[in-house]
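1. got a sequence here, can you model it:
(chains A and B)
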Amino acid sequence: MIRAENLELGYEGRLVLKGLNFRVAPGEFAGILGPNGSGKSTLIHALSGLLPPKRGRVIIRDEHLGNISSRLRARIMAVVPQASEVRFPFPCLEIVLMGRYPHRKRLGSLTDEDLLWALRSMRRTTTEHLQQRPVTEVSGGERQRVVIARALAQDPKILLLDEATSSLDVRKKLEIFEILKFLNETQNLTVLCAMHDLNLAALYCRRLMFIKDGGILEDGPTAEVFTPDILGQVYETPMEVIRHPGHQRPYAVMLPLTPEFYEGEELLEAARR
Amino acid sequence: MDLFTPSNPAKAATPLDLAAARERRQTGARRFAAALLVLCLGLLASLILATGIGRMEVGWPTVFSVILGKLGWSAAPADRTTEVVIWGIRLSRVVLSALVGASLAAAGVVFQGLLLNPLADPFTLGVSTGAALGVALLVMLGVGGSFLGLSPLPLGALAGALGAMLVVLALSRESGGRIRKESLILAGIVVSTFLSALISLIKSLDEESLSAIVFWIMGSFSGRGWIHVGFLLPYAVLGLILAFAYHRELDILALGEEQSHHLGVAVSKVRLNLLLGASLLTAGAVSVSGVIGFVGLVVPHLVRVLAGPSHGRLLVLSAFTGALILIWADVTARVLLASGQELPVGVVTALLGGPFFFYLLKSRRARGMW
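-> Numbering: from 1, shown residues only, chains lettered A, B, ... in the order given. Here you go, the predicted structure:
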């Protein structure tokens, strides 16, 4: 479904990630984890065609990403960004209907099918009641769910999420991930999400990719890579991983920083001063 | 992916209200159609009414019969002088002001939507001044006349408009390639001031073309006729078509560049075409009437408050509203002074538009639009 070959990513004069090689098969539910500034968003940008790679290539369904037309790409892949601001007071339904853009003919009118897709997506994200509310007047969490509804209305095969649920409360986070899980299990939707919340990732992602120091540090099934060693190494923080007695999924607990995690004595010295 | 299978049977019990959603959207469409009809009738009436107003007293029936006669629908009974005044002088000027108003308002809609800036319009972005400089240069060099009915002046204006636009965009672009909204208008004003100074320089260097150049700075329809309608028409039509063809993309671009990309909009191509369309509209307008401010700024705001943010409707309604406003602004410019002298129409639009824009800025409802 998605293949990265020798990918090298960066912005003007600054290299962020290099030597990336991985495949994501159809129907996978994978999380991209890593500290701030490690390049999670950069990777999502590259996979969505927003950032052309400096070297290497991204291949989506056996086709070079750069050769896929914008509209076809949007029919295959939807992206939910971190936070979004809309400058005009479009009603939320109109925002969700924008997700139908890649499916609509140029200047063709809106069909009942388009409208139905929008309404279903809004129900899925519990935003149905917001249909007529201007998007500029809903809360941040509501807006994010409207954006997720818009992504679902695109009817994508791949869904990329870039910290999409960071601004939501616990319940809304879980609701969104339950929807993703459902679509992943029943419709074979491929989900790839960059995230910060370790435990949310461990709860839903079946595969985790850890990004650190400009490359992929670990990549594997959650049960194998969600370990105190790897987490400690990635976040430079002492971690403990415990198995929840109920659902049997692992969860991480951070421990107070010990001197070994302060790059030697210098930082400690500095802190004392 | 099939979203039609319910994930939660309990929730799926209430059917989706497709009919209600469709009905609500149709209500919007009907309201738009009604507004459009009113504006169309208003425009037709204004064309006749405004043509009747002037120093030489002419009754509306005469106006009617002359226009019908010219269109070949009835024999023209009026004498030659009346005919020339009504058809050759007044109607051409009214039609021209309508076209210029429509062009400027539509350009304002495109600039504001594209740059996501409420203060963007051909005037504040320096595009109008760029076009005026293009025209002033051609006038100074003595290039004029017409070629196959096309004047080189609009081309000069287009070159100036595009040039100014590119400079403004380059000045307001950050290292990462993003356009800072705050610096956009600042850059526009800087460029506009600089270009105005260049125009003044040309004026002082070349006494002969002084009066011709003053036209383009003040903005006026004085002495304009059908030939200028001919100059403007291709630019206005092409610009309007280009802008309208991308109205759906303009809506999506309100979400920002990134999300537009994710939704399948070919952002660079669309933006280039829209900028070209808006520049065509501005250049056409400026080349026949000079720099007329506030129409492109105020009209989109006014229409947005009344008709909502959807750019397809906004473009159509703004074009008609702009046409109406400029027709009457020009009538005011013609008859306001008791001495019989004309005011530049740019003065009238600024006098009306300034306070009105202030009101829009202060009004809660209008501010909610941004």
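
2. which residue is it, in the stretch 201-350 of chain B, that comes closest to chain A?
-> The nearest approach of the stretch 201-350 of chain B to chain A comes at B:Gly264, 2.8 Å away (Cβ to the nearest Cβ). C-beta here means a position set from N, CA and C on the backbone, and glycine is covered the same way.

3. name the SS class of that residue, please.
-> What DSSP: H, G, I helix; E, B strand; the rest coil gives for B:Gly264 is coil.

4. okay, and the closest residue to B:Pro309 other than its chain neighbours sits in which element?
-> Nearest non-adjacent residue to B:Pro309, counting by Cβ to Cβ, 6 or more residues apart in numbering or on different chains: A:Phe88, 3.7 Å away. Remark: A:Phe88 resides in no helix or strand, with elements defined by DSSP states H and E.

5. that older thread, now for the nearest residue to the residue of the stretch 201-350 of chain B closest to chain A once chain neighbours are set aside, how many residues are close by?
-> In space, and not counting its chain neighbours, B:Gly264 is closest to A:Ala74: 2.8 Å by Cβ to Cβ, 6+ apart. Summarising burial for A:Ala74: neighbours were counted as other Cβ atoms under 10 Å in any protein chain shown, giving 27.

6. ditto for A:Phe226
-> Taking other Cβ under 10 Å as the neighbour definition, A:Phe226 ends up with a count of 26.

7. where does the prediction get shaky in chain B?
-> B:1-13, B:75-78, B:143-151, B:174-182, B:208-213, B:215-216, B:364-370 (pLDDT under 70).

8. quick revisit: the residue nearest to B:Gly264 sits in which helix or strand?
-> Following DSSP H and E, the helix or strand that holds A:Ala74 is helix A:70-76.

9. quick check, the residue nearest to B:Pro309 in contact with B:Ile252.
-> No: applying Cβ atoms under 8 Å, one finds A:Phe88 not in contact with B:Ile252, separated by 10.8 Å.

10. and B:Leu358, how far is that from B:Val298?
-> Quick fix: residue B:358 reads Phe, not Leu. B:Phe358 sits 10 Å away from B:Val298, going by Cβ to Cβ, to the nearest Å.

11. can you point out the buried residues in the helix ranked longest in chain B?
-> When every helix of chain B is counted residue by residue (DSSP state H), the longest turns out to be helix B:18-52. If you call a residue buried by 16 or more other Cβ atoms under 10 Å in any protein chain shown, then helix B:18-52 has these buried ones: B:21, B:25, B:32, B:35, B:39, B:42-43, B:46-47, B:49-52.

12. before we move on, what about stretch B:159-166?
-> Residues of stretch B:159-166 classed as buried: B:159-165 (neighbour count, 16+ other Cβ under 10 Å).

13. and which of the residues you listed is nearest to chain A?
-> Using Cβ to the nearest Cβ, the buried residues of stretch B:159-166 come closest to chain A at B:Met165, 20.4 Å.

14. and the closest one, what does it touch?
-> For B:Met165, the residues meeting the contact criterion (Cβ atoms under 8 Å, 6 or more residues apart in numbering or on different chains) are B:125-127, B:130, B:275, B:279.

15. redo that, cut-off 6 Å
-> With contact taken as Cβ atoms under 6 Å, 6 or more residues apart in numbering or on different chains, B:Met165 is in contact with B:127, B:279.

16. what about A:Arg150, which SS state?
-> For A:Arg150, the reduced secondary structure class is helix; criterion used: three-state DSSP.

17. excluding residues flanking it in the chain, which one is nearest it?
-> Beyond its immediate neighbours in the sequence, the residue positioned closest to A:Arg150 (Cβ to Cβ, 6+ apart) is A:Gly99, lying 4.0 Å away.

18. next one, pLDDT for the one you found please.
-> The confidence metric pLDDT takes the value 95 at A:Gly99.

19. give the rounded mean pLDDT of the longest helix along chain A.
-> The single longest helix within chain A, with elements called by DSSP H, is helix A:170-187. Along helix A:170-187, the predicted confidence averages to a pLDDT of 90.

20. now do the same contact list for whatever residue of chain A ends up closest to chain B.
-> Per Cβ to the nearest Cβ, the residue of chain A with the smallest distance to chain B is A:Ala74, at 2.8 Å. Applying Cβ under 6 Å, 6+ apart, we find A:Ala74 in contact with A:102, B:263-264.

21. ok, now with 7 Å
-> Listed by Cβ atoms under 7 Å, 6 or more residues apart in numbering or on different chains, the contact partners of A:Ala74 are A:102, A:154, B:262-264.

22. now do B:Ala170
-> If you count contacts by Cβ under 7 Å, 6+ apart, B:Ala170 has none.

23. would you mind naming what in the stretch 51-200 of chain A lies close to chain B?
-> Remark: the part of the stretch 51-200 of chain A in contact with chain B comprises A:70-71, A:73-74, A:78-79, A:81, A:84, A:86-90, A:93, A:98-99, A:101-102, A:112, A:115-117, A:119-121, A:123-124, A:131, A:152, A:155-157, A:182-183, A:186-187, A:189, using Cβ under 7 Å from any Cβ of the partner chain.

24. out of these, which are buried?
-> Among those, those that count as buried by neighbour count (16+ other Cβ under 10 Å) are A:70-71, A:73-74, A:78-79, A:81, A:84, A:86-90, A:93, A:98-99, A:101-102, A:115-117, A:119-121, A:123-124, A:131, A:152, A:155-157, A:182-183, A:189.

25. among the residues you listed, which are in strands?
-> Applying DSSP state E to those, the entries found in strands are A:78-79.

26. and which of the contacts of A:Ala74 is nearest B:Arg304?
-> Closest approach between the contacts of A:Ala74 and B:Arg304, by Cβ to Cβ: B:Leu263, at 22.0 Å.

27. OK, contacts around the closest one?
-> Each residue near B:Leu263 by Cβ under 7 Å, 6+ apart is listed here: A:74, A:98-99, A:101-102, B:252.

28. can I get those residues in JSON lines with distance to A:Ser166?
-> As requested, the contacts of B:Leu263 are arranged in JSON lines below (distance: Cβ to Cβ, whole Å):
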{"residue": "A:Ala74", "distance to A:Ser166": "24"}
{"residue": "A:Met98", "distance to A:Ser166": "23"}
{"residue": "A:Gly99", "distance to A:Ser166": "21"}
{"residue": "A:Tyr101", "distance to A:Ser166": "26"}
{"residue": "A:Pro102", "distance to A:Ser166": "26"}
{"residue": "B:Ile252", "distance to A:Ser166": "24"}
